[in-house]
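A.B. asks: Fold the following and give me the result.
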Amino acid sequence: MRFPRFWRSWGKLPRGDADDDLEQSLAFPDSGLADEVEALLAGRLVDHMTAARQPVSAWAVLNRLAHADWPDLMSFVEGGTIADGTVHPPSSPPSWAPAERFVAGRLLALATAPDDLRVLQHATLVPLELGLIERCKVERFTADQILDLGEEALDSFHQPR
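C.D. replies: Purely as a prediction, here's the structure:
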C-alpha cells in the first residue's frame, strides 16, 4: 500500500551542488540498514555482520544475550543452533564462544521462566549493550571483556519483589 502524501519518486529528485550526497541518500533502500537493525533487535547482529563480511564491534558480542528468546538461548547453551541456524558454525566458532555460552547459561539460571528472561535482559543487558555502543567508540574492549561486563551486570541484578 502506498501513501501518496509520503511517497517520493527516488529517481526524479532535483540535481544540485550536493550530487554526491544525494546519490548516497538514494542508496539507502539498498544499504542493508533495515536488515542490520532487524538483526540487532533479534539478537543476531554478530551473525549478520559476519555473513556480510563486516567487522564485528566488541559490544556486539552481547547482542545475542540481550535479545534472544528463551528457546534460542536454551538451544544455544545445549550446543544446538538457533531456529534459523545462525549460531556460530561448528567449523569456525569465534574465540569468545565459550564465554558467551557461559554467560547465556548464567542468564538462564537467573531467569526461571521466559517472562523473567525478558525482565532480566531489559533491566541489565540491553542498557549495558546500549552504553557499550558509545563506550566502544572511545575505549578498546575485547569480546571477553564485554562478556565479563555482561556477567557482572547479571550478578548485580536484584529481582524486584
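A.B. asks: only C-alpha atoms for contact and neighbour calcs from this point on.
C.D. replies: OK.
A.B. asks: pLDDT weak spots in the chain?
C.D. replies: Counting by pLDDT under 70, the ranges of the chain that qualify are 1-30, 80-91, 159-161.
A.B. asks: Would you map the strands across it?
C.D. replies: Here the chain has no strands by DSSP state E.
A.B. asks: For it, which segments are assigned as helices?
C.D. replies: Ranges of helices in the chain, per DSSP state H, are 19-26, 33-42, 45-51, 63-67, 70-77, 97-110, 114-120, 126-138, 143-155.
A.B. asks: which of those helices sits most buried?
C.D. replies: Each of these was scored by mean neighbour count; the highest is helix 63-67, a mean of 24, by mean count of other CA atoms under 10 Å.
A.B. asks: From the rest of the structure, what touches that one?
C.D. replies: Where contact means CA atoms under 8 Å, 6 or more residues apart in numbering, the residues beyond helix 63-67 that reach it are 40-46, 73, 100, 103-104, 107, 121-122, 125-126, 129.
A.B. asks: Please save the CA atoms from it in CSV.
C.D. replies: The C-alpha coordinates for helix 63-67 follow below in CSV (Å, rounded to 0.1, in the frame of the first residue of the first chain):
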residue,chain,number,x,y,z
ASN,A,63,23.7,-8.7,21.4
ARG,A,64,22.5,-12.3,21.3
LEU,A,65,22.4,-12.5,25.1
ALA,A,66,20.5,-9.2,25.3
HIS,A,67,17.8,-10.1,22.8
